[in-house]
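Student: need coordinates for the following:
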Amino acid sequence: MMVMEQGLSSQSRLILTGLGALLVSAAASSIAGVYLGSAREVLALIPGLMVLLPSIIDMRGNIAGVLASRLSSSMHLGEFSIDFEEGSVLGDNVRASFVITVLIAFVLGIFAYAASLLSGLPTVSITDLVLISVTSGIVSGLLVMGITLLIALISYRYGLDLDMIGAPTVTTSGDVVTLPILVLSAVFVMYLPPWTRLALGVAVVAVAVAVIVYTRRRSEGIGTIVGENLSFLIPLSVLGTLAGLTYSLNLDALVTIAAFLILIPPFTGCLGSIGGILGSRLSTGMHTGELNPSFLPERGVVHHFIISYLYTLILLPLLALIAHGAAVLMGLNSPGLGMLVIISLAAGLVVMTLVNGVAYATASLSFRYGLDPDNFGIPVITSLIDLIGAAALVTVIGLLL
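Tutor: Next up, the predicted model:
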């Protein structure tokens, strides 16, 4: 009986720790949403920026989320140490994350331009989009990476479970930091003379080549991490770009009822954080042998699914309330609090149902085939949430309004 009570107490602490982190995440993501609502004119004036926005925010959280998940697993396995030297767990992961940040930002700019062109949407030049993407990617990437390291070191120092606080913290910081930096970078780049933008574009290509050469010379450690991450982050970037296209094709409606613009960052960010917690817990459970990568989810996995639904039911009405209140205070249009709650809950529960299945399939398949689920869980989940979140939100809005 005593052991059972201690087990329940431990589970309750874990759930409350996750909920606390998610509440902070929801509040911070809502700030990003308010900023997006206020920047609606910039989105309309710089064609292609809305296509780039979801993917670059998502990748920022993905890269930092993978870093946090890998460091968390190393802590659980007793391999972590505060050492930034080459060959150390911490040092190699930090260097690899920076290389991935540069290369992914470069690719995202190209993808956003190509997607806009193929869909017939107006866009700025490919040089401008790549320059905006890489500039904002490096600046926001360094800031988010610093936040991730701080959280990891605090968790290590005070014995906290990084799985429960890492994903919400880094995905939220990705939203809050990347969104304003992306908008400011876009405005800054578009104010530069054309010849300056062209020269900086050439410099960006040179930087991308330099980091590729650096990685190839360090095939062990850093090279392995970069190669494994890029092999799936680049394909996943397509999902973020498609999410951006979904929003761009409905941009007029979103700008007209700006409460939806305010809701987008906390909606996707909060669901991404919940999914990130789920992915991290499944990954750690399989690393430690507490969970088995069986074909059908076992009881312990279903327990994690239930917690994900619980978080969703608690947080989404709160996000709708914040979005409605912010819209009213800013003098922007809203469909009404009740309708906003219904829309966010309906879309969110659909998204979370799919995420539970994908999170388990990703963790179990990667583990069974000898791959590190830490590298796959959070990126697959958050990228999927970007696309199906955009599709679900736009679809529910169209059905109910």
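
Student: what about stretch 96-110, average pLDDT?
Tutor: Here the mean pLDDT over stretch 96-110 is 89, rounded to a whole number.

Student: what's the answer for stretch 134-142, then?
Tutor: Mean per-residue pLDDT for stretch 134-142: 88.

Student: who touches that stretch?
Tutor: Stretch 134-142 has contacts (CB atoms under 8 Å, 6 or more residues apart in numbering) with 56, 59-60, 63, 97-98, 101-102, 104-106, 108-109, 174, 177-178, 181-182, 184-186, 188-189, 204, 207-208. For every residue, glycine as well, the C-beta is placed using N, CA and C.

Student: can you map out the helices along the protein?
Tutor: Secondary structure of the chain by DSSP state H: the helices cover 2-38, 40-45, 49-76, 89-119, 126-158, 162-191, 194-216, 222-249, 251-256, 259-288, 299-329, 337-368, 373-400.

Student: the fifth one to helix 162-191, inter-axis angle?
Tutor: Inter-element angle recorded for helix 126-158 and helix 162-191: 150 degrees (by axes from the mean of the first three to the mean of the last three CA atoms, to 10 degrees).

Student: returning to that earlier point: need the helices of the chain in a markdown table with mean neighbour count, can you?
Tutor: Converted to a markdown table, the helices of the chain look like this (neighbours: other CB atoms under 10 Å):
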| stretch | mean neighbour count |
| --- | --- |
| helix 2-38 | 17 |
| helix 40-45 | 15 |
| helix 49-76 | 28 |
| helix 89-119 | 21 |
| helix 126-158 | 21 |
| helix 162-191 | 24 |
| helix 194-216 | 14 |
| helix 222-249 | 21 |
| helix 251-256 | 16 |
| helix 259-288 | 28 |
| helix 299-329 | 18 |
| helix 337-368 | 20 |
| helix 373-400 | 23 |
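
Student: please convert those helices to TSV, extending it with distance to I82.
Tutor: As requested, these are exported to TSV (distance: least, CB to CB, whole Å):
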stretch	distance to I82
helix 2-38	23
helix 40-45	41
helix 49-76	11
helix 89-119	7
helix 126-158	7
helix 162-191	14
helix 194-216	24
helix 222-249	18
helix 251-256	45
helix 259-288	20
helix 299-329	30
helix 337-368	28
helix 373-400	19
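
Student: pLDDT weak spots in the stretch 251-400 of the chain?
Tutor: Low-confidence regions of the stretch 251-400 of the chain, defined here as pLDDT under 70, cover residues 371-378.

Student: cool, the stretch 1-150 of the chain as well?
Tutor: Low-confidence segments of the stretch 1-150 of the chain, defined by pLDDT under 70, are located at 1-11, 13-14, 40, 76, 79-81, 83-84, 87.

Student: if you set the cut-off to 90 instead, what comes out?
Tutor: Flagging of the stretch 1-150 of the chain using pLDDT under 90 yields the residue ranges 1-102, 115-125, 137-138, 140-150.

Student: name the nearest residue to A115, ignoring sequence neighbours.
Tutor: In space, and not counting its chain neighbours, A115 is closest to T241: 4.9 Å by CB to CB, 6 or more residues apart in numbering.

Student: oh, that last question was meant for L179, not what I typed.
Tutor: A32 (4.8 Å).

Student: with V207 instead?
Tutor: That would be V102: by CB to CB, 6+ apart, it lies 6.2 Å from V207.

Student: now do the same contact list for the residue nearest to L179.
Tutor: Taking CB under 8 Å, 6+ apart, one finds D175, V176, L179, P180, P265, P266, G269 in contact with A32.

Student: save those as a markdown table, and put in distance to V380 too.
Tutor: Output for these, formatted as a markdown table (distance: CB to CB, whole Å):
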| residue | distance to V380 |
| --- | --- |
| D175 | 18 |
| V176 | 23 |
| L179 | 22 |
| P180 | 27 |
| P265 | 20 |
| P266 | 21 |
| G269 | 17 |
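
Student: thinking again about what came up before, any idea how far P265 is from the residue nearest to L179?
Tutor: Distance from A32 to P265, counting by CB to CB, to the nearest Å: 4 Å.
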